[in-house]
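Enquirer: build me a structure from this.
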Amino acid sequence: MEMAIIILAAGQSKRMRGLDKLTQKVSGLPQIQRITLLACQVSAKVIVALPDAAHPRSICLLGLPIERRFILNSQSGMGYSLASAASMLKKSIHSGVMIIPADMPDLTREDIELLVAAHQKNPEVIAQAISTNGRLGHPVVFPNRCFKSLTTLKGDQGARALIAQDRNEIKHIALPGSHATNDLDTPEDWMAWRLGSELRKN
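Expert: Model (predicted):
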C-alpha cells in the first residue's frame, strides 16, 4: 500500500499584513509550489488543502498531479482543514498519511524520505519529525488506523490530541537543524530567514 501526503495550505496568512507567506519565493519557486513538488516526488497521492480554486496558491499548482481540497471556511481552523482532506483517504489503499504544513521553507526531499522510511519500517506507529535539539515538529505520519479519527478533528489544534494519545509509542525522527520546526508567519520572519540563508551560503 502507498503512503499519502496531505499538505495544509488553506490558512489566511493573517500575520503577513497583506502578503501571502505561501507565495514567497524559496529556491526560486513560490513556497507552496516548492513543497508540493517535493511531495509529488515521494508519493503518488498528494492532497493539498487550499482556500479556493481562484486563489493565487491554487494557480501556483496548476498542472501538478495532485488532488485539491478546497476549504471555503478555512477560518474554522487547521483541524477542520485536515479533517476535510483526510476524508479523501482510503484505508484499503493507503498505509498511512504524512501531514505537512505548507509554510516550512527548510524542509527537503531528503527530510520527507526519512519519514517515509520510518513509516515503511513500522507502519502501525506514528512517526513525528523533531529538530536536532529535540523540539517536536513536522511532518507527522499517521498510520491508517488513525484515518477515522483524523476526519473528526476541529479547531486550531490540528492532530495534537491524536499524537498525545499515542505519546508512548511515537517514533521521533530527527531532521537537520530546525528543518522540522521552522515555519515563517510574518514579513520579519521571512526577512530574517532570507538573511540567514544568504549567510549560510557564504
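Enquirer: in this structure, which residue is most central in space?
Expert: By Cα atoms, centre = their mean, the mean C-alpha position of the chain lies nearest to I100, the distance being 1.1 Å.
Enquirer: that one: what's its closest spatial neighbour, skipping adjacent residues?
Expert: Leaving aside its sequence neighbours, I100 sits nearest to P139 (Cβ to Cβ, 6 or more residues apart in numbering; 4.7 Å). Yep, even glycine has a C-beta here, placed from its N, CA and C like the rest.
Enquirer: mind checking the longest helix of this structure?
Expert: Taking DSSP state H as the criterion, the chain has its longest helix at helix 187-201.
Enquirer: just the CA trace of that helix, in PDB.
Expert: The C-alpha coordinates for helix 187-201 follow below in PDB (Å, rounded to 0.1, in the frame of the first residue of the first chain):
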ATOM      1  CA  PRO A 187       7.300  39.500   7.000                       C
ATOM      2  CA  GLU A 188      10.000  39.900   9.700                       C
ATOM      3  CA  ASP A 189      10.300  36.100   9.900                       C
ATOM      4  CA  TRP A 190      10.800  35.900   6.100                       C
ATOM      5  CA  MET A 191      13.400  38.700   6.100                       C
ATOM      6  CA  ALA A 192      15.400  37.000   8.900                       C
ATOM      7  CA  TRP A 193      15.200  33.700   7.200                       C
ATOM      8  CA  ARG A 194      16.400  35.100   3.900                       C
ATOM      9  CA  LEU A 195      19.300  36.800   5.600                       C
ATOM     10  CA  GLY A 196      20.200  33.600   7.400                       C
ATOM     11  CA  SER A 197      20.100  31.700   4.100                       C
ATOM     12  CA  GLU A 198      22.500  34.100   2.500                       C
ATOM     13  CA  LEU A 199      24.900  33.900   5.400                       C
ATOM     14  CA  ARG A 200      24.800  30.100   5.300                       C
ATOM     15  CA  LYS A 201      25.700  30.200   1.500                       C
END
